[in-house]
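J.: how does the following fold in three dimensions:
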Amino acid sequence: MQILVIGTGYVGLVLGACLAETGNDVVCADIDAAKIARLSANDITIYEPSLDRLIRHNQDQKRLHFTTDVASAAKKAEVVFLAVGTPPGEDGSADLRYVLTAAETVAKHLTREAVVITKSTVPVGTATKVAEVLAQHCRVPFHVCSNPEFMKEGDAVEDFMRPDRVVLGVESDFARSVLAELYAPFVRTGKPILFMDIASAEMTKYAANAMLATRISFMNEIALLCDSVGANVDSVRRGIGSDSRIGPSFLFPGPGYGGSCLPKDVQALLHTARDRHVPLGVVHAVAVANDRQKNLMFNRLAAALGENLSESRVAVWGLSFKPQTDDLRESPALTLIESLLSVGAEVTAHDPVAMEHARKIFGDRVAFSATNYSALEGAHALAIATDWNEYRHPDFLRIRDTMTGRVVVDGRNLYNPSKMIALGFTYHSIGRPQV
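T.: Now for the predicted structure:
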């Protein structure tokens, strides 16, 4: 098929590369000429495992192309994916200007019957607005659909190529047939394609992310209660996760959820609910709990270092909101660092892939280290904010000998408390007894 993907951000790049990998002719379009030039030269603008290989291979095979000329690309397109950004407003609502502008550009240049799909995460009713724009400007038949993405950063290529399910909001037999054919290679193992009405597809994305956020915030609160009563959250997590009605996923306590999806989508869902005068008490509590959780590591550092915090140096391991990505959006590490800097503490930081992005945020306010161990030099405390694999089994004696102090605040529960205390550390994790 002749496919046009508008938007070369995280979703658009993965979508375009994976569809090209199954033999389609894909054009990824963006108004950012510098980004398109980099992508055309196989200089990938985001960090995502395996994505660079897919893009390079499919450009070599002439199945994947990058352009700033949306109009020309639209003339050949049978299927158009709108994968542009939907940044949140101050009230939490999704900004749809870029989606509707892209729809208008496409509408003016389509030359054949086409399926136009909202791939960006958009609130219920967006497809209707897209259809209205298309109806004003389009001279050929069109079919508007919703196809929300369910890709995890760090596993996005695998998630797209082998999805748990494909959700498609369609309202015509033509669109259903086209999308069934397009997605057939990805569901050969029997995973379902779930056809539904468009509003339900749009709501499914928000409901899924709100559920995942709920599990995270729930477990974070249970971990805090475990701290208070002397229970071990690891045992509790295994105990409830083995219940088939609950399952083990998204039950690890931590410093709060971040990234480009969960925080934004929870707020957008709450905004939609307020507009419709529907109270979402549970979802609101999830957001409040997450905001509180992001202060946990700072509060524990402050308690451990006391009045010396303002004169202390703190090493932070991990900057991205999760491992296997360089995405800093809503990362708990950023909240921690800003809090430390606000009281006068020095911060040294390390992350395997996200330091260049962090430099753009913090400049020379933070010292960035080439290795995780060099970040410890002169540090009175270590805070672990992201559970990268290389932090899981470090040389603890080297850590102890390199640091000036002995405080370790483990925001990801990576280490054994008894072992850390035996080595002489003042060790704090989340929801686990100290000994």
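
J.: poorly predicted segments of the protein, please.
T.: 435 (pLDDT under 70).

J.: rerun that using 80 as the cut-off
T.: Applying pLDDT under 80 to the chain flags the ranges 88-92, 94, 434-435.

J.: quick one: the strands in it, in order.
T.: 2-6, 25-29, 64-67, 79-82, 114-118, 142-146, 166-169, 193-196, 313-317, 346-350, 367-368, 381-384, 407-410, 426-428 (DSSP state E).

J.: give me the number of residues near the closest residue in space to residue 248 that isn't next to it in sequence?
T.: Residue nearest to residue 248 in three dimensions, not counting chain neighbours: residue 241, with 3.4 Å by C-beta to C-beta, 6 or more residues apart in numbering. For every residue, glycine as well, the C-beta is placed using N, CA and C. If you count neighbours by other C-beta atoms under 10 Å, residue 241 ends up with 16.

J.: assess the claim that residue 293 and residue 256 are in contact.
T.: Yes. Contact criterion C-beta atoms under 8 Å: residue 293 and residue 256 qualify, at 3.8 Å.

J.: give me the common contacts of these two.
T.: By C-beta atoms under 8 Å, 6 or more residues apart in numbering, residue 293 and residue 256 have these common neighbours: 217, 220, 332.

J.: these two touch, right, residue 361 and residue 329?
T.: No. If you go by C-beta under 8 Å, residue 361 and residue 329 don't touch, sitting 10.8 Å apart.

J.: please parse the protein into its domains.
T.: What the record gives for the chain is the domain set 2-196, 205-292, 294-428, from automatic domain parsing.

J.: output those in a markdown table; the columns should cover distance to residue 434.
T.: Compiled in a markdown table, these are given as follows (distance: least, C-beta to C-beta, whole Å):
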| stretch | distance to residue 434 |
| --- | --- |
| domain 2-196 | 31 |
| domain 205-292 | 10 |
| domain 294-428 | 6 |
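
J.: follow-up on the earlier one: isn't the residue nearest to residue 248 up against residue 251?
T.: Yes. The pair residue 241 / residue 251 is scored as a contact, 5.3 Å apart, by C-beta under 8 Å.

J.: can you tell me how far the closest residue to residue 344 other than its chain neighbours sits from residue 335?
T.: With sequence-adjacent residues excluded and distances taken as C-beta to C-beta, 6+ apart, residue 344 is closest to residue 310, at 4.0 Å. Applying C-beta to C-beta, to the nearest Å, the value for residue 310 to residue 335 is 18 Å.

J.: next: residue 143.
T.: Taken as C-beta to C-beta, the span from residue 143 to residue 335 is 43 Å.

J.: also residue 177?
T.: According to C-beta to C-beta, residue 177 stands 48 Å off from residue 335.

J.: how about residue 159?
T.: Taking C-beta to C-beta, one finds residue 159 at 27 Å from residue 335.

J.: confirm for me that residue 63 is in contact with residue 28.
T.: No. The criterion here is C-beta under 8 Å, and residue 63 misses it with residue 28 at 11.4 Å.

J.: which one of the two has more residues nearby?
T.: Comparing residue 63 with residue 28 by neighbour count (other C-beta under 10 Å), the higher total belongs to residue 28, at 28 against 19.

J.: so who does the nearest residue to that one once chain neighbours are set aside touch?
T.: Distances taken as C-beta to C-beta, 6+ apart place residue 16 nearest to residue 28, at 4.2 Å, with adjacent residues excluded. Counting by C-beta under 8 Å, 6+ apart, residue 16 makes contact with 3, 5, 8, 26-28, 64.

J.: farthest pair in those?
T.: Spatial extent of the contacts of residue 16 (C-beta to C-beta) is set by the pair 3 and 8 at 13.7 Å.

J.: need the helices for the stretch 51-200 of the chain, in chain order.
T.: Assigned helices in the stretch 51-200 of the chain, in chain order: 51-60, 70-76, 97-109, 126-137, 156-161, 173-183, 198-229 (criterion: DSSP state H, counting those that start in this stretch).

J.: now render the ones you listed as CSV, adding mean neighbour count and distance to residue 387.
T.: Listed next are the helices of the stretch 51-200 of the chain as CSV, based on neighbours: other C-beta atoms under 10 Å; distance: least, C-beta to C-beta, whole Å:
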stretch, mean neighbour count, distance to residue 387
helix 51-60, 18, 21
helix 70-76, 17, 40
helix 97-109, 20, 33
helix 126-137, 18, 35
helix 156-161, 19, 18
helix 173-183, 16, 33
helix 198-229, 19, 14
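
J.: tell me how far the residue sitting furthest away from the middle of the chain lies from residue 4.
T.: Ranked by distance from the centre of the chain (C-alpha atoms, centre = their mean), the top residue is residue 139, with 37.4 Å. Here residue 139 is placed at a distance of 17 Å from residue 4 (C-beta to C-beta).

J.: what's across from residue 167 in the sheet?
T.: Per DSSP bridges, the residues bridged to residue 167 are residue 194.

J.: my guess is it meets residue 145, correct?
T.: No. Taking contacts as C-beta under 8 Å, residue 167 lies outside contact range of residue 145: 10.5 Å.

J.: residues that sit against both of these two, list them.
T.: residue 201.

J.: so for the two, which residue has more residues nearby?
T.: Ranked by neighbour count (other C-beta under 10 Å), residue 167 and residue 145 place residue 145 first, with 25 against 22.

J.: any idea how far that one is from residue 120?
T.: Applying C-beta to C-beta to residue 145 and residue 120 gives a distance of 13 Å.

J.: before we move on, what about residue 35?
T.: 17 Å.

J.: tell me which of these two has more neighbours.
T.: residue 120 (25 against 17).

J.: neighbours of the residue lying closest to that one once chain neighbours are set aside, how many?
T.: Residue nearest to residue 120 in three dimensions, not counting chain neighbours: residue 86, with 5.0 Å by C-beta to C-beta, 6+ apart. When neighbours are counted by other C-beta under 10 Å, residue 86 registers 23.
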